[in-house]
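K.L.:
Generate a structure from the sequence data that follows.
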Amino acid sequence: MLLTTLATRRLLSRHHIVATTKTMASVSARRPFSADAVSTTNADSWDTAISQNATDETKRELASLAKTMADIRDVVQRDASRSTEVDFAKFKRQLTNSPEIVEMFQKAYSTLKLPKYESSEIQDVQKAFKVLEEEAKKQAAESAKRIEELEKELVLLKEERESLERVTMDEIFEREPEMREKFNEQIKKDEWF
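P.N.:
Residues are numbered from 1 along each chain as shown. All right, here's what the predicted structure looks like:
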């Protein structure tokens, strides 16, 4: 009796591990988009993204992200290729002293009816991703405009810096007439500092 109980526990724990693994594989099989989503990134796009960022920290972070994505892709592909069938013949060979337990589990497994999984999860994720992608494109366009403005401002600052040695006060007052008024007021009030 004790041996049968131990064999049952061992079979249940093995069956639980196998069932958990099979469930994960069947989820991957039911969600073929997951393997496709991960496989859409390639090494060239990571190399491009890494080369476009200047700081070493950014390059390290992107390289770490690329490695993580590659690991995820490998796990998804490995799980998607696993078989979802339970090998009851193998268990019968292993449990030679009590094959009726395996037959009992096989019968229960064959009569198991799982509910069909229906969800709009994929569409919801695609919509959310599309919104994020549009927002990212909008922000990228705004950033490009701001970069152009800053580059023009840098050119003006460089020109001003170079011309500082030869600029006269009259030229400065032409560009900023309120400064002329301010200085004239200070002179009238005899404020020199």
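K.L.:
Give me the phi and psi for residue 61.
P.N.:
As for residue 61, its main-chain torsions (degrees, to the nearest 10) stand at phi -60, psi -40.
K.L.:
Run a quick neighbour tally on it.
P.N.:
Summarising burial for residue 61: neighbours were counted as other CB atoms under 10 Å, giving 13. No exception for glycine: its C-beta is placed from N, CA and C like everyone else's.
K.L.:
Same check on residue 102?
P.N.:
Residues near residue 102, counting by other CB under 10 Å, number 21.
K.L.:
And residue 153, by the same measure?
P.N.:
A count of neighbours around residue 153, defined by other CB under 10 Å, yields 10.
K.L.:
secondary structure class for it?
P.N.:
helix (DSSP: H, G, I helix; E, B strand; the rest coil).
K.L.:
Mind listing what's buried along the host helix or strand of residue 101?
P.N.:
Of the helices and strands defined by DSSP states H and E, residue 101 is found in helix 99-110. For helix 99-110, burial by neighbour count (16 or more other CB atoms under 10 Å) applies to 101-102, 105-106.
K.L.:
ok now that helix, how far from the chain's centre?
P.N.:
Centre-to-centre, helix 99-110 and its host chain are 43 Å apart (CA atoms, centre = their mean, to the nearest Å).
K.L.:
Could you list the alpha-carbon positions for it in CSV?
P.N.:
Provided in CSV are the C-alpha atoms of helix 99-110 (Å, rounded to 0.1, in the frame of the first residue of the first chain):
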residue,chain,number,x,y,z
PRO,A,99,0.3,0.1,-14.6
GLU,A,100,-3.3,0.5,-13.6
ILE,A,101,-2.5,3.9,-12.2
VAL,A,102,-1.2,5.1,-15.5
GLU,A,103,-4.2,3.7,-17.3
MET,A,104,-6.4,5.5,-14.8
PHE,A,105,-4.6,8.8,-15.5
GLN,A,106,-4.7,8.1,-19.3
LYS,A,107,-8.5,7.5,-19.2
ALA,A,108,-9.0,10.7,-17.1
TYR,A,109,-6.7,12.7,-19.5
SER,A,110,-8.5,11.4,-22.6
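K.L.:
just checking, what packs against that helix?
P.N.:
When contacts are defined as 3 or more CB pairs under 8 Å, 6 or more residues apart in numbering; DSSP states H and E, helix 99-110 sits against helix 2-30, helix 88-94.
K.L.:
Phi first, then psi, for residue 117.
P.N.:
Per degrees, to the nearest 10, the backbone of residue 117 is at phi -90, psi 120.
K.L.:
Residue 52: which of the buried residues of helix 99-110 is nearest?
P.N.:
Nearest to residue 52 among those: residue 105, at 56.2 Å, using CB to CB.
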